[in-house]
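Undergrad: Just the structure for this:
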Amino acid sequence: MSISLKESAINNYIGNLSLREEDLNLNQIEQDLVKLLGERPSVQPKWVKDAMLLEDRKSAKEIKRLDSISIIFTDLDDKIKKIEIKI
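TA: Residues are numbered from 1 along each chain as shown. Here you go, the predicted structure:
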């Protein structure tokens, strides 16, 4: 099955992004996709939380990292599609 022009445009856009947490701006991604697609897609990040026990064994540090981004949009055939990009 071939991918549509919108799906290809989303993949190209996300492929050119820096997906490090300090550089990630979900509002900017959504605004850029509005310009690209002509509609407001749903951009949903999925975060993974973990805990690390510090050497003193009395305190823990929570670690949160981005696992994936899901983008839900209406494709050219008027069907709703979801793309999930694993980080």
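Undergrad: Could you export stretch 35-42 as CSV, CA atoms only?
TA: C-alpha atoms of stretch 35-42 as CSV (Å, rounded to 0.1, in the frame of the first residue of the first chain):
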residue,chain,number,x,y,z
LYS,A,35,0.5,25.1,7.4
LEU,A,36,1.6,21.9,5.8
LEU,A,37,-1.7,20.0,5.9
GLY,A,38,-4.3,22.8,5.8
GLU,A,39,-6.0,21.5,8.9
ARG,A,40,-5.2,21.2,12.6
PRO,A,41,-4.0,17.7,13.4
SER,A,42,-4.0,16.1,16.8
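Undergrad: Could I get the buried residue list for that stretch?
TA: Neighbour counts over stretch 35-42 (16 or more other Cβ atoms under 10 Å) mark Leu37, Pro41 as buried. Where C-beta positions appear, they are placed from N, C-alpha and C, glycine not excepted.
Undergrad: Show me how far that stretch is from its chain's centre.
TA: 14 Å (Cα atoms, centre = their mean, to the nearest Å).
Undergrad: So what's the model's average confidence on that stretch?
TA: Mean pLDDT, stretch 35-42: 92.
Undergrad: How about the secondary structure of the residue nearest the centre of the chain?
TA: For the chain, the residue nearest the mean C-alpha position is Ile69 (2.4 Å; Cα atoms, centre = their mean). Look at Ile69: counting by DSSP: H, G, I helix; E, B strand; the rest coil, its state is strand.
Undergrad: From Glu62, how far out is the residue lying farthest from the centre of the chain?
TA: Ranking residues of the chain by C-alpha distance from their mean position (Cα atoms, centre = their mean) puts Asp56 at the top, at 35.7 Å. Counting by Cβ to Cβ, to the nearest Å, the gap between Asp56 and Glu62 amounts to 16 Å.
Undergrad: Lys46 now?
TA: The separation that Lys46 has from Glu62, given Cβ to Cβ, amounts to 17 Å.
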